[in-house]
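[1] just to be clear, the model below is a prediction. Sequence and coordinates:
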Amino acid sequence: MLWEVRVSYKRGVQDSEGESTLKGLKALGFGGVEGVSTAKVYLIKGNCSRGDVEEICRRLLANPVSQDYTIRGIEGEDE
Amino acid sequence: MNFCILRAPGTNCDGETARALEELGCGAEVVHLKRLLDGRVDILGYSGLVIPGGFSYGDHIRSGAIVGRVLSHALGERLSRFVDEGRPVLGICNGFQVLAEAGLLPGFEGTSRFPEMALSKNASSHFEDRWVHLRAGESSCPFTKGMPPVLRMPVAHGEGRVVLPPGGLERLEANGQVALRYALGSGEPAGGRYPENPNGSAGDIAGITNPQGNVLGLMPHPERAFLRILYPDWTRTGGEGYGDGYLLLRNMVEYVRRL
């Protein structure tokens, strides 16, 4: 099975890398860009259920104070 | 008296920390994380624990996340006992990040299973590597008692911005858990101003303690401010004697002697 975990900052937590990217894009002339947020994507391969991946996020990949996560089955999810 | 200086892949300043504690008359053993995890070494055999700075596991996932979560998973019960018995735990820079991820700080209700705070990317997006002014003494932490009104220590971090859940800052303040704040040269809190507050931390927080006061996490490096000759102005001041980091580490050692 292959799972995609996406970890992003919670609303209200400053995303300084996103802000810098926005500045860079403005400087390149992309005037229509209004905001940039960054996220980290992990691809997790192996014999694990959605529940296992949920636990992986809670136990290591996300800090519940500053980050949210989403889980998406890419291959072989049998629910 | 024997301190455990925890070492993991990517740790730095463990040697300086050990040297500083030896100068204060303590034993200081640099112990690799692996030796604690496989049971060759028992954390409860030490009078105190220092988790030094650095970039453990390459700062991957989040700074301090891997060591913090592994420590709490493998040694959670023994670490909680270590803390409950009043033994000192000091987390410097990456060590502070480890204590936050391990749920040892802020420790509102004792050690928490999941983190109750985050040390997020600096508001400036820069790695901030320079000397800052600090103000101490508002907390219950014995390591920061009796300090001069303004301290100087270096910071060197990319992820030092304290992020707390709603109501968390008020709770820290009400409990007297803010041990160190970024300050102006006058000793007044930085008021969120950059560059005095190097990372945009809520409440200008540079260091926090647990409610009992025996666990301290701080972003500045006391071991790099142990001797005056380590200060950037040492050629003008002569560089004689001890620096502000000495005071903090000495307080911690004296605290152990009183236990």
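    Sure thing, it's come through. Numbers count the residues shown, from 1 in each chain, chains lettered A, B, ... in the order given.

[2] can you list phi and psi of the closest residue to residue A:45 other than its chain neighbours for me?
    Distances taken as Cβ to Cβ, 6 or more residues apart in numbering or on different chains place residue A:2 nearest to residue A:45, at 5.2 Å, with adjacent residues excluded. Glycine gets a C-beta too; all of them are placed from N, C-alpha and C. Torsion angles at residue A:2 (phi, psi; degrees, to the nearest 10) stand at phi -130, psi 130.

[3] you'd agree residue A:2 is up against residue A:43?
    Yes. Residue A:2 is within contact range of residue A:43, at 6.4 Å (criterion: Cβ atoms under 8 Å).

[4] so between those two, which is more surrounded?
    residue A:2 (13 against 9; other Cβ atoms under 10 Å in any protein chain shown).

[5] is the more buried one bridged to anything, and to what?
    Beta bridges link residue A:2 to residue A:45, residue A:75 when assigned by DSSP bridges.

[6] what's near enough to touch it?
    Applying Cβ atoms under 8 Å, 6 or more residues apart in numbering or on different chains to residue A:2 gives the contacts A:43, A:44, A:45, A:73, A:74, A:75, A:76.

[7] now it: how far from chain B?
    Separation of residue A:2 from chain B (Cβ to the nearest Cβ, to the nearest Å): 19 Å.

[8] spell out which parts of the stretch 151-259 of chain B neighbour chain A.
    Counting by Cβ under 8 Å from any Cβ of the partner chain, the stretch 151-259 of chain B comes close to chain A at B:161, B:163, B:164, B:165, B:168, B:200.

[9] repeat that for 10 Å
    Residues of the stretch 151-259 of chain B lying near chain A by Cβ under 10 Å from any Cβ of the partner chain: B:158, B:161, B:162, B:163, B:164, B:165, B:166, B:168, B:199, B:200.

[10] quick check: which element contains residue B:31?
    strand B:27-32 (DSSP states H and E).

[11] tell me which residues of that strand are tucked away?
    Buried residues in strand B:27-32, counted by 16 or more other Cβ atoms under 10 Å in any protein chain shown: B:28, B:30, B:31, B:32.

[12] and if you look at stretch B:62-78?
    B:62, B:63, B:64, B:65, B:66, B:67, B:68, B:69, B:70, B:71, B:72, B:75.

[13] secondary structure class for residue B:49?
    strand (DSSP: H, G, I helix; E, B strand; the rest coil).

[14] specify the beta-bridge partners of it.
    Going by DSSP bridges, residue B:49 is paired in beta bridges with residue B:4, residue B:89.

[15] ok, it touching residue B:21?
    No. Judged on Cβ atoms under 10 Å, residue B:49 makes no contact with residue B:21 at a distance of 11.5 Å.

[16] intersection of neighbour lists for these two?
    Listed contacts common to residue B:49 and residue B:21 are B:3, B:5, B:90; contacts here mean Cβ atoms under 10 Å, 6 or more residues apart in numbering or on different chains.

[17] of those, closest to residue B:126?
    In terms of Cβ to Cβ, no member of the shared contacts of residue B:49 and residue B:21 lies closer to residue B:126 than residue B:90, at 25.9 Å.

[18] separation between that closest one and residue A:66?
    For residue B:90, the distance to residue A:66 equals 24 Å [Cβ to Cβ, to the nearest Å].

[19] neighbour count winner among the two?
    Just comparing residue B:90 and residue A:66: by other Cβ under 10 Å the higher neighbour count belongs to residue B:90, 28 against 24.

[20] just the pLDDT at that one, thanks.
    We note a pLDDT of 98 for residue B:90 in this prediction.

[21] now residue A:78
    Confidence score, pLDDT, at residue A:78: 60.

[22] and the residues of the stretch 151-259 of chain B next to chain A, which of them are buried?
    Buried subset of those (neighbour count, 16+ other Cβ under 10 Å): B:158, B:161, B:162, B:163, B:164, B:168, B:199, B:200.

[23] neighbours of the residue lying closest to the fifth one once chain neighbours are set aside, just the number please.
    With Cβ to Cβ, 6+ apart as the criterion, residue B:164 has its nearest non-adjacent residue at 5.4 Å, and that residue is residue B:117. Using other Cβ under 10 Å, residue B:117 has 29 neighbouring residues.
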